[in-house]
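heads up, no residue letters with this:
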């Protein structure tokens, strides 16, 4: 699908481009990501891509994926709690 010139003209620049700031990467950051494959709000491909991009940026990513929707699973909450305690 082709975007119209009106759409392109109305898009806002990235905040980093607007202020001349870019994050210093890689940096020693740890990330926790949990996502449901049945999420009707945010497709699981978004989380998978986020994991890939974060890891490519040198970040340590703990990734969890399960057969659930747009909510926090108790098992992921327990994993996140353990992860946070170790961070």
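Good, I have the coordinates. Nothing here was measured: the structure is a model prediction, and the numbers come from that model.

quick one: the helices in the chain?
5-10, 15-19, 44-56, 74-86 (DSSP state H).

which residues does residue 29 contact?
59, 60 (Cβ atoms under 8 Å, 6 or more residues apart in numbering). All C-beta spots, glycine's among them, are computed from the backbone N, C-alpha and C.

apply 6 Å and report the result again.
residue 59 (Cβ atoms under 6 Å, 6 or more residues apart in numbering).

for residue 86, see how far away it is.
Per Cβ to Cβ, to the nearest Å, residue 29 is found 14 Å from residue 86.

mind putting the helices of the chain in TSV, mean neighbour count and mean pLDDT included?
Below are those laid out as TSV (neighbours: other Cβ atoms under 10 Å; pLDDT from 0 to 100):
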stretch	mean neighbour count	mean pLDDT
helix 5-10	8	50
helix 15-19	9	55
helix 44-56	14	92
helix 74-86	12	96
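
reformat the ones you listed as a markdown table; add distance to residue 68.
Below are those laid out as a markdown table (distance: least, Cβ to Cβ, whole Å):
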| stretch | distance to residue 68 |
| --- | --- |
| helix 5-10 | 34 |
| helix 15-19 | 32 |
| helix 44-56 | 11 |
| helix 74-86 | 9 |
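
any idea how far residue 85 is from residue 32?
Taking Cβ to Cβ, one finds residue 85 at 11 Å from residue 32.

kindly apply the preceding question to residue 52 instead.
For residue 52 relative to residue 32 (Cβ to Cβ), the value is 16 Å.

please apply the same query to residue 40.
22 Å.

for these two, work out which one has more neighbours and name it.
residue 32 (17 against 8; other Cβ atoms under 10 Å).

ok, back up a step: quick check: which of the helices of the chain is nearest to residue 65?
helix 44-56 (6.6 Å; Cβ to Cβ).

mind giving me the packing neighbours of the closest one?
strand 30-36, strand 60-66 (3 or more Cβ pairs under 6 Å, 6 or more residues apart in numbering; DSSP states H and E).

since that was my last question, I'll sign off now.
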